[in-house]
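J.: What follows is a predicted structure for the sequence shown.
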Amino acid sequence: MSHPDSTAIPLDRYERRILVALQANARLTNQELARQVGLSPSACWRRVKALEDAGVILRYAAILDPKKIGFGESVFAHVSLTRHSKALSLEFAELMRAQPEVMECFFTTGNADILLRVVTPSVSAYDHFLENVIFSAAGVSQVHSNFALRQIKFETALPLEAD
């Protein structure tokens, strides 16, 4: 899989306004969005389409309350690998992409090689995930898990200034 281009795209004030508005409510109609950002509907649509085509807008999604749908445990797993190789890293990354309970996966610096954010319905479900996925993965040497006690902040919007 190719890596997305990490070069920041210069954004004008209208594009920033569009992104701020869509991060707050992606269900805005084009008419509503255009009115909010101060553009005509056709100009607004063209800019949104350009932002999508450039990969700035990756997708639109509904944000769910995990507890209300039975995913009450949020766990941060710090995974260390036995060795550092491109093949092992790619294999582990592909395995994590295939796990629906893995919400985020980062290669990191520091005491562990990988940081996972995992959601599960229970501690025993997390234990099952560890036994059947993580401990079965090639090259895993150790895992340190931290269970979240309570969430203090959760944001999905990037901190863009509208103007």
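T.: Thanks, I have it.
J.: give me the beta-bridge partners of the residue nearest the centre of the chain?
T.: Centroid-nearest residue in the chain: Glu104, 5.6 Å away (criterion: C-alpha atoms, centre = their mean). Here Glu104 sits in beta bridges with Arg117, going by DSSP bridges.
J.: how about it, what does it touch?
T.: Each residue near Glu104 by C-beta atoms under 8 Å, 6 or more residues apart in numbering is listed here: Leu115, Leu116, Arg117. For the C-beta atoms, the positions are set from N, CA and C on the backbone; glycine is no exception.
J.: Please produce CSV containing the residues you listed, extended by pLDDT and distance to Lys68.
T.: Shown next, in CSV, are the contacts of Glu104 (pLDDT from 0 to 100; distance: C-beta to C-beta, whole Å):
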residue, pLDDT, distance to Lys68
Leu115, 98, 26
Leu116, 98, 23
Arg117, 98, 18
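J.: out of those, which one sits closest to Glu94?
T.: Taking C-beta to C-beta as the measure, Glu94 sits nearest to Leu116 out of these, at 14.0 Å.
J.: Tell me, how many residues neighbour the closest one?
T.: 22 (other C-beta atoms under 10 Å).
J.: could you say which helix or strand contains the closest residue to it other than its chain neighbours?
T.: Leaving out its chain neighbours, the residue that sits closest to Leu116 by C-beta to C-beta, 6 or more residues apart in numbering is Ala77, at 4.3 Å. In this assignment (DSSP states H and E), Ala77 forms part of strand 73-81.
J.: other SSEs contacting the very next helix or strand once past that strand?
T.: Using DSSP H and E, the helix or strand that follows strand 73-81 in sequence is helix 86-97. Applying 3 or more C-beta pairs under 8 Å, 6 or more residues apart in numbering; DSSP states H and E, one finds that helix 86-97 contacts strand 73-81, strand 102-107, strand 114-120.
J.: List the contacts of the closest residue to Ser40 other than its chain neighbours.
T.: Nearest non-adjacent residue to Ser40, counting by C-beta to C-beta, 6+ apart: Ala34, 6.2 Å away. Residues in contact with Ala34, defined by C-beta under 8 Å, 6+ apart, are Ser40, Pro41, Ala43, Cys44, Trp45.
J.: Pop the domain breakdown of this protein in here.
T.: 13-53, 66-147 (automatic domain parsing).
J.: Include distance to Leu160 when you put the ones you listed into a markdown table, please.
T.: Output for these, formatted as a markdown table (distance: least, C-beta to C-beta, whole Å):
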| stretch | distance to Leu160 |
| --- | --- |
| domain 13-53 | 5 |
| domain 66-147 | 21 |
